[in-house]
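Undergrad: Return atomic coordinates for the entry below.
(2 chains)
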Number of protein chains: 2
Amino acid sequence: MVDAAAFRRAARPPQSAVAALLADLAPRFGQRLSTAPAVREQHANTVTGQPNQPPDAVVYALSTAEVSDVVRLCAGHDVPVIPFGTGTSLEGHVNAPFGGVSIDLSGMDQLIAVHVEDLDCVVQPGLTRKRLNEQLRDTGLFFPIDPGADASIGGMASTRASGTNAVRYGTMRDVVLGLEVVGADGQVMRTGGRARKSSAGYDLTRLFVGAEGTLGVVTELTLKLAGQPEAVSAGVCPFPGVRAACDATIATIQSGLPVARIELLDAAQVAACNAYSKLALPVSPMLFVEFHGSAAGVAEQAERFGEIAAEFGGGPFDWATQAEARSRLWQARHDAYWAALALRPGAKAISTDVCVPISRLAECVEATEADIAETGLLAPIVGHVGDGNFHTLPLFDPDDAAEVARMKGFVGRLVERALAMGGTCTGEHGVGQGKARYLPQEFPPATMAAMARLKRAFDPQDIMNPGKIL
Amino acid sequence: MVDAAAFRRAARPPQSAVAALLADLAPRFGQRLSTAPAVREQHANTVTGQPNQPPDAVVYALSTAEVSDVVRLCAGHDVPVIPFGTGTSLEGHVNAPFGGVSIDLSGMDQLIAVHVEDLDCVVQPGLTRKRLNEQLRDTGLFFPIDPGADASIGGMASTRASGTNAVRYGTMRDVVLGLEVVGADGQVMRTGGRARKSSAGYDLTRLFVGAEGTLGVVTELTLKLAGQPEAVSAGVCPFPGVRAACDATIATIQSGLPVARIELLDAAQVAACNAYSKLALPVSPMLFVEFHGSAAGVAEQAERFGEIAAEFGGGPFDWATQAEARSRLWQARHDAYWAALALRPGAKAISTDVCVPISRLAECVEATEADIAETGLLAPIVGHVGDGNFHTLPLFDPDDAAEVARMKGFVGRLVERALAMGGTCTGEHGVGQGKARYLPQEFPPATMAAMARLKRAFDPQDIMNPGKIL
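TA: Numbering: from 1, shown residues only, chains lettered A, B, ... in the order given. All right, here's what the predicted structure looks like:
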């Protein structure tokens, strides 16, 4: 079997190699090459509890050719390359544990083409999801994948992101039709295309989606879009406990009700959102629910959901079809992370992420609540429960070693609990640095060896975002 | 760049290696090892115009451990391994151009588990789609992927198959949640799982789906299922020409009407189906359409489709909700290949397969009809037009060299036309032997090199179904 450790990078390149690389990059990039400490630090992981590991330099690339040049030069000097979009990933994906060059792709932010008849578009990787949707507004189409942050599309593809709409519209795995990728040798690959389906050879598109920049740098994406719904109904529904809320979710999915969003907030998170987003929700476990369809359809679906919720002791289901009330609700949901952080000023938070078969969801969330209480953590729960995916947000003081250890123990038990129930160690955040230790618990040695073979085949020098996934 | 030719198999193994391998296999498999010419020939490609290239032997495997044993022994003797399900693939996937051992998986045909609450099941690869659906009947769930033949689920995953339901339910790419795969070294890998979504590492599941047995042998599959629709409406709608039928299809998809099936038959195919399946349809281009939903919903959708069809000069749209009439219609659609063959007794047919962005569909089908007329071929057209995917079935006398050349020229032009429109050389049949020459037209050299790197990483000896894809 292939042993990942045998070819994976173990140390930073010598300073002489970095200096020689910078001398090669400087005349090409001028002001778009920076070694300023603040810039380097800003391009390493800042959002979560992972320590900040800055790159040696940051290059602001403006074209595929420039990305190819940077990668080729880095390969020549055996120096790591770390692709950077908006820096909102949650598992340390943009950290540079072995130094190297961060390629900032935020300047490659063009919507290249929209094909309204085919419900697809072509974008550069630095375009963010909100800016894409602003530019699509008049086409009758929208891009449905919505992680909390206004992430870049390239980053979302690379972490196989999803969000609140995935229960209806799928994840990045489902909506990326094709890619342009710069490989570790600087060559430009094209995968997939604009046909809705294809059996033409190995599915390289799906291989690069979720590869976290460890096999190449995504420089262009062709995306499936969805039609803007004719009507939308949305609302909130309180429940006596998280089990009741989860059981109502399971029943909703199993009934075939085409829910567009179904999100759980536990009582702690509802309290946090009330404070942070100035809402006045009853402080109990809550489902945020949304339906997309015809005006009659979404009203019927909301009524039917209210009936299901009532069967599990939930309700009243307070729903409406006005855009303004809806936006406020979903903005609060997307701000859940910041709302949780505000519960304890100065604390850090880890946004955990597991996903289980939906039949095990209630059991998994309940056991996790018990663990939170027993461990004595402040850790609100939010979840895309229609997919069986949920997050906890344990708050901790990074300078309190005992508290950090308690938090880490909790995260490990959460992952083990999800795996024991047939789930996965990450539903949508990716592996990065934070989940790398859990991957060998999820997959047998032969599978881990296959992943290592893949990595070595595409990146024999281990220059592409080293220290992530494997 | 990696040159595929540099490590790909170029010749059959020496007879001494095959003899030594058979001596190793005989005591393990007894009567389940066969070298009878009829058995070998039956396990090579028989359905399409590809010449029959039999393996040296056939082994009937009954467990993952047995598959692992066979692969390990074949690797030890450097002899090819060809996985075999039902032999219904269309591009020579089960042919043995370099000899070797065909592993017949038809005895591994168990439905291992059904998880009704999670809408998934676990199956062995030799189970066929119709037998799976028979066993699911009482669960309220069904497996929606339906290529024409009663193919094995393992073969369908390996060719990334789809069929008439793909416009609504997706392809094998979308419904395979996880796999067990025996690699070229005999090791057993597990990929994916039962969670609805995951960002845990490289997407090996999607890598093996569509790999046509060239990276490993699929020995178990976890599949997403769909709820049996409460009501179904279906019917046929004649059109004045294929352009009108395609334009109505485009308008239907763009309108967001949730069509479950929308199939084109041109006039030649309708005539063939009338004769073969004893129908009395008007001989003109025709759409076969089906809707799944609530009783009120499917009636409303059928009405709405009738209105769209009328806008393009189509109709009357004759639809009903009775199961019996519907089954007869769809059986005729699935028998289209045999109906076409019956048009010219003794002839062979190639089932071609291209897919284009739906905005180019009408143009592509019309140009193909003109080419058929100009080339003087008998070649009915059928298509999963909701996906932009269509087939022609050119009939030819394999002993008439001029006719074979005309047919091959036509297929080449069809692929070039689809590629020029942003399409793919195969929407659902796979590459196999038949499309291998077109893959380098669809993808740039760097992409082909990446596929070769992948193949070499997983199968350095090139024993896994050699001579396919690359």
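Undergrad: In terms of secondary structure, what does the longest helix seen in chain A contact?
TA: Criterion DSSP state H: the longest helix present in chain A is helix A:401-420. Applying 3 or more C-beta pairs under 8 Å, 6 or more residues apart in numbering or on different chains; DSSP states H and E, one finds that helix A:401-420 makes contact with strand A:354-355, helix A:361-375, strand A:395-396, helix A:439-442. All C-beta atoms are positioned from the backbone trio N, CA, C, and that covers glycine.
Undergrad: for stretch A:282-301, which positions count as buried?
TA: By neighbour count on 16 or more other C-beta atoms under 10 Å in any protein chain shown, the buried set for stretch A:282-301 is A:283-293, A:297-301.
Undergrad: Restricted to helices, list the residues you listed.
TA: Judged by DSSP H, the buried residues of stretch A:282-301 include A:297, A:298, A:299, A:300, A:301 as members of helices.
Undergrad: how much space between residue A:45 and residue A:210?
TA: Look at residue A:45 and residue A:210: by C-beta to C-beta, to the nearest Å, they are 18 Å apart.
Undergrad: The two: who's more crowded?
TA: Shown here are residue A:45 and residue A:210; by other C-beta atoms under 10 Å in any protein chain shown, residue A:210 has more neighbours (29 against 24).
Undergrad: Tell me which residues touch that one, please.
TA: A:157, A:158, A:159, A:160, A:172, A:173, A:430, B:199, B:201, B:202, B:203 (C-beta atoms under 8 Å, 6 or more residues apart in numbering or on different chains).
Undergrad: same thing but 6 Å
TA: By C-beta atoms under 6 Å, 6 or more residues apart in numbering or on different chains, the contact set of residue A:210 is A:160, B:199, B:203.
Undergrad: Where does residue A:268 sit, in terms of helix or strand?
TA: In the assignment (DSSP states H and E), residue A:268 maps to helix A:267-277.
Undergrad: What does residue A:179 show for phi and psi?
TA: Listed backbone geometry of residue A:179 is phi -140, psi 150, with angles given as degrees, to the nearest 10.
Undergrad: bridging residues for it?
TA: In this structure, residue A:179 bridges to residue A:191, residue A:221 when assessed by DSSP bridges.
Undergrad: measure it to residue A:123 for me?
TA: Taking C-beta to C-beta, one finds residue A:179 at 11 Å from residue A:123.
Undergrad: Could you tell me which residues touch both of those two?
TA: Contact criterion C-beta under 6 Å, 6+ apart; residues shared by residue A:179 and residue A:123: residue A:221.
Undergrad: circling back: what's the lowest-pLDDT member of the buried residues of stretch A:282-301?
TA: Among the buried residues of stretch A:282-301, residue A:297 carries the lowest pLDDT, at 85.
Undergrad: where are the low-confidence patches of chain A?
TA: Applying pLDDT under 70 to chain A flags residues A:1-5, A:46.
Undergrad: Let me see the domain layout of it.
TA: By the assignment in automatic domain parsing, chain A contains the domains A:4-106+A:452-458, A:111-227, A:231-339, A:340-435.
Undergrad: what does the stretch 301-450 of chain A have sitting close to chain B?
TA: Contact residues, the stretch 301-450 of chain A versus chain B (C-beta under 6 Å from any C-beta of the partner chain): A:355, A:357-359, A:387-388, A:422-428, A:430-431, A:439, A:442, A:444, A:446-447, A:450.
Undergrad: what does stretch A:295-309 contact?
TA: In contact with stretch A:295-309 (C-beta under 6 Å, 6+ apart) are residues A:231, A:233, A:237, A:248, A:251, A:252, A:257, A:289, A:291, A:315, A:317, A:319.
Undergrad: gap between residue A:300 and residue B:157?
TA: From residue A:300 to residue B:157 the distance is 37 Å (C-beta to C-beta).
Undergrad: Also residue A:388?
TA: For residue A:388 relative to residue B:157 (C-beta to C-beta), the value is 23 Å.
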